[in-house]
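Undergrad: prediction below, plus the sequence it came from.
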Amino acid sequence: MSTFSFQQVDVFTGKRLKGNPLAVVIGADGLSDDAMASLANWTNLSETTFLLKPTTADADYRLRIFTPSGELPFAGHPTLGSCHVWLSLGNTAGQAHVVQECGAGLIKIRRDGNRLAFAAPPLRRTGDVESDILDQIARGLQIRRDAIKAAQWIDNGPGWVAVMLTSRTEILSLKPDYPALGNLKLGVVAPWDPLRDGKDAFFEVRAFISNRATEDPVTGSLNAGLAQWLMSAGLAPAAYVASQGTVLGREGRVYAARDGHDIWIGGETLTCIEGRLTI
């Protein structure tokens, strides 16, 4: 048996228990791939991460990211939550930004007031969504095909495809048929109406993980892909706030902003659990 420092944090929220939880194992270089996968399956959180020594001098640390069913090259809330933990240990960046090494390459992370923000990685797949996939999405969301106002592949690692609806009311009323969605990882976005919904956010977002028949509370990778798509298409301003997790009783807030060639995705992280893990 081996013992490791461990934290569980809440990401994309300034209110405890209202964001997306993340388990972080510190100094996990001695763990095998099988042990990492088993722990992630046991925690049963959307992701469990493992902080490791970097393999390149250009990075401050290396991160491996596991869902209960497998490893991801990149994910957003694990990136911010793990960086929060790394900084809480007294570490400092070797350059202007913290640089995380992961399966998607090197990810820049910066402080943004009380928040951390990562630079959205390049999309691995983009472009128009095929007609048959749009039909499948409409069936899976149990909506008319013409209710989808825009769509785009926005895969930055997990495999996201996204559609836009007309209103926050529409998106909050969705009751997905997961078997009909197949293996899609689907993001849905719709604008807030300032008069009806208020001005706390500009967009409402939901994330459906079809192969696990679950909804993710607050999703950094999806919001990164959405921001890249929506800003480039003129469907979003250069800076905005997205709300996510409402249907699940969460109050996630994701801050997206373009700065030069980079789009930064930020949010607050709070530490909820600190202790020792023996496996």
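TA: In hand now; what should we look at?
Undergrad: now do the same contact list for the residue positioned nearest the centre of the chain.
TA: Note on the chain: the residue nearest the mean C-alpha position is Gly220, at 2.3 Å, using CA atoms, centre = their mean. By CB atoms under 8 Å, 6 or more residues apart in numbering, the contact set of Gly220 is 11-12, 75-80, 118, 254, 265, 267. C-betas here are computed from N, CA, C, even on glycine.
Undergrad: who touches the closest residue to it other than its chain neighbours in this structure?
TA: Nearest residue to Gly220 in three dimensions, chain neighbours excluded: Gly76, at 1.4 Å (CB to CB, 6 or more residues apart in numbering). Contact analysis of Gly76 by CB under 8 Å, 6+ apart lists 118, 219-224, 265.
Undergrad: in strands, which of those appear?
TA: The members of the contacts of Gly76 that map onto strands under DSSP state E are 118, 265.
Undergrad: any idea of the pLDDT on the closest residue to Leu52 other than its chain neighbours?
TA: Nearest residue to Leu52, sequence neighbours excluded (CB to CB, 6+ apart): Arg62, at 4.2 Å. According to the prediction, Arg62 has pLDDT 98.
Undergrad: and the helix or strand containing Arg62, what does it pack onto?
TA: Per DSSP states H and E: Arg62 is located in strand 61-66. Packing contacts for strand 61-66, counted by 3 or more CB pairs under 8 Å, 6 or more residues apart in numbering; DSSP states H and E, involve helix 33-43, strand 48-52, strand 71-72, helix 76-88, strand 98-102.
Undergrad: please spell out which residues along the helix or strand following the last one are buried.
TA: Past strand 98-102, further along toward the C-terminus, the next helix or strand under DSSP H and E is strand 105-112. Residues of strand 105-112 classed as buried under the neighbour-count rule (16 or more other CB atoms under 10 Å) are 106-110, 112.
Undergrad: repeat for stretch 228-247
TA: Quick answer for stretch 228-247 (16+ other CB under 10 Å): 228-231, 235-236, 240-246.
Undergrad: first-to-last residue distance for it?
TA: 25 Å (CA to CA, to the nearest Å).
Undergrad: give me the mean pLDDT for it.
TA: 98.
Undergrad: repeat that for stretch 90-104.
TA: 95.
Undergrad: for Ala151, which non-adjacent residue is closest in space?
TA: In this structure, Ala151 finds its nearest non-sequential neighbour in Val129, 4.1 Å apart by CB to CB, 6+ apart.
Undergrad: again with Pro237
TA: Phe202 (7.2 Å).
Undergrad: how about Val247?
TA: With CB to CB, 6+ apart as the criterion, Val247 has its nearest non-adjacent residue at 6.0 Å, and that residue is Leu172.
Undergrad: just list whatever residues bridge to the residue nearest to Thr56 when sequence neighbours are not counted.
TA: Spatial nearest neighbour of Thr56, excluding adjacent residues (CB to CB, 6+ apart): Glu101 at 6.1 Å. Beta-bridge partners recorded for Glu101 (DSSP bridges): Arg62, Leu106.
Undergrad: I figured Glu101 hits Leu63, correct?
TA: Yes: counting by CB atoms under 8 Å, Leu63 is a contact partner of Glu101 at 7.0 Å.
Undergrad: looking at those two, which is more packed in?
TA: In terms of neighbours (other CB atoms under 10 Å), Leu63 is the more surrounded of Glu101 and Leu63; the figures are 24 against 20.
Undergrad: do I have it right that that one meets Pro78?
TA: Yes: applying CB under 8 Å, one finds Leu63 in contact with Pro78, separated by 7.1 Å.
Undergrad: now do the shared contacts for the two.
TA: Thr49.
Undergrad: thinking again about what came up before, thought the residue nearest to Ala151 was touching Ala150?
TA: No: taking CB under 8 Å as the definition, Val129 is not a contact partner of Ala150, at 9.4 Å.
Undergrad: Val161 versus Asp128, what's the distance?
TA: Using CB to CB, to the nearest Å, Asp128 is found at 11 Å from Val161.
Undergrad: shared neighbours of those two, anything?
TA: 151-153.
Undergrad: which one of those residues sits closest to Asp33?
TA: Trp153 (29.2 Å; CB to CB).
Undergrad: report all helices and strands that the helix or strand hosting the closest one contacts.
TA: In this assignment (DSSP H and E), Trp153 forms part of strand 150-155. If you count contacts as 3+ CB pairs under 8 Å, 6+ apart, strand 150-155 packs onto strand 125-127, strand 160-164, helix 220-232.
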